[in-house]
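Undergrad: Dropping a prediction and its sequence here:
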Amino acid sequence: MDWSEILRDTWQTSLVFISLLAFTRVLGKTQVAQLTFYEYVSGITIGSIAATIAASEQDRVWSHFYDLVLFVLLTFLLSQVTIRSRPLRKLIDGSPTVVIENGRILEQNMRNMRYDLDELTCQLRINGILDPAEVQYAVVETTGDLSVIKKSAYQPATKSDLGIQQPLMQYPVELIMDGEINLENLRQQQLTLDWLTQQLNQKGITSPAQVTYAVIDSKGSFFVSPKIQSAASP
């Protein structure tokens, strides 16, 4: 391989890398976190086209890149349409399917979606359930996950059931990450650097650089995780 080939491969692969990074941001997090069957196929196709660009001859790069842009654009437009049209969303992504109702396995529903008993029992065990009789409803979601709602007799008692009053939880506010102070979060909480320094000093920490993570947690308390000092070499 000569230098011209190395440079060609470098810019083609860089083009694919940067493009996929940008397109993934455009398409949204569901492409990664909650793949439906359509999104799974879409992701594979985008990856296949990208691989073709990286390995194609120089005179074909922009032709294949147009194919990639067009496919991503169509995927994005279809996602926007399905957000606005429930019938089309059901057509593309499918609908959740009930497979257990009041402890009874619905064989016909399972047969219609080609979902077997071994897979059902596996998913029940993942949800911490050994006996289908404990289940009020089990639903196969469009992502393929099994959502399980136990019968009330098998659900654990909550603090509300026991009459125990709990304070409202708040969203944690990060103040220090990897030794860097988040000044914006401090301002939003109407806190000062002097207050933060005092909190750190009370825990034997003299500098934010010694902190991996500091946060006002969901209970309103100040939590700090100091960095672990590596042992000095002999």
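TA: Yep, it's here. Numbering: from 1, shown residues only.

Undergrad: Least confident secondary structure element in the chain?
TA: When each helix and strand of the chain is scored by mean pLDDT, DSSP states H and E, helix 30-33 comes last, with a mean of 46.

Undergrad: Would you agree Gln199 is in contact with Ile216?
TA: No. If you go by CB atoms under 8 Å, Gln199 and Ile216 don't touch, sitting 9.7 Å apart. Every C-beta, even on glycine, is put in place using the N, C-alpha and C of the backbone.

Undergrad: In terms of neighbours, single out the busier of those two.
TA: Under the criterion of other CB atoms under 10 Å, the comparison of Gln199 against Ile216 puts Ile216 first, with 19 against 16.

Undergrad: Find the nearest non-adjacent residue to the more buried one, please.
TA: Val173 (4.5 Å; CB to CB, 6 or more residues apart in numbering).

Undergrad: residues near that neighbour, how many?
TA: Neighbour tally, Val173, other CB under 10 Å: 17.

Undergrad: Run through the residues that contact it.
TA: 185, 188-189, 215-216 (CB atoms under 8 Å, 6 or more residues apart in numbering).

Undergrad: tell me the mean pLDDT for stretch 18-28?
TA: On average, the pLDDT along stretch 18-28 is 66.

Undergrad: All the helices of the chain, in order from the start?
TA: Here the chain has its helices, by DSSP state H, at 3-27, 30-33, 37-55, 61-84, 86-93, 107-112, 117-126, 183-188, 193-202.

Undergrad: which one of the ones you listed has the lowest average pLDDT?
TA: Among the helices of the chain, helix 30-33 scores lowest, at a mean of 46.

Undergrad: Next, show the common contact partners of Gln199 and Ile216.
TA: Contacts common to Gln199 and Ile216, judged by CB under 8 Å, 6+ apart, are Phe222.

Undergrad: filter the contacts of Val173 to the buried ones?
TA: 185, 215-216 (16 or more other CB atoms under 10 Å).

Undergrad: can you put those residues in CSV and add distance to Trp11?
TA: Shown next, in CSV, are the buried ones among the contacts of Val173 (distance: CB to CB, whole Å):
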residue, distance to Trp11
Asn185, 40
Val215, 42
Ile216, 46
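
Undergrad: Out of those, which comes closest to Val148?
TA: Checking the buried ones among the contacts of Val173 against Val148 with CB to CB, the nearest one is Val215 at 32.2 Å.

Undergrad: Okay, and the beta partners of the closest one?
TA: Beta-bridge pairing for Val215 (DSSP bridges): Glu174, Phe223.

Undergrad: who touches stretch 153-167?
TA: So stretch 153-167 is in contact with 134, 219, going by CB under 8 Å, 6+ apart.

Undergrad: Equivalent analysis for stretch 212-227, please.
TA: 167, 169-179, 189, 196, 199-200, 203, 205, 208, 210-211.

Undergrad: Filter those down to the buried ones, ChimeraX style.
TA: Entered in ChimeraX, the line below selects the buried ones among those, by 16+ other CB under 10 Å:
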select :173,175,176,196,199,200,205,208,210,211
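
Undergrad: which pair in the contacts of Val173 spans the largest distance?
TA: The widest separation within the contacts of Val173 (CB to CB) is 13.5 Å, between Gln188 and Val215.

Undergrad: Any chance of JSON lines for the helices of the chain, columns distance to Ala133?
TA: As requested, these are arranged in JSON lines below (distance: least, CB to CB, whole Å):
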{"stretch": "helix 3-27", "distance to Ala133": "42"}
{"stretch": "helix 30-33", "distance to Ala133": "32"}
{"stretch": "helix 37-55", "distance to Ala133": "31"}
{"stretch": "helix 61-84", "distance to Ala133": "37"}
{"stretch": "helix 86-93", "distance to Ala133": "31"}
{"stretch": "helix 107-112", "distance to Ala133": "16"}
{"stretch": "helix 117-126", "distance to Ala133": "11"}
{"stretch": "helix 183-188", "distance to Ala133": "49"}
{"stretch": "helix 193-202", "distance to Ala133": "52"}
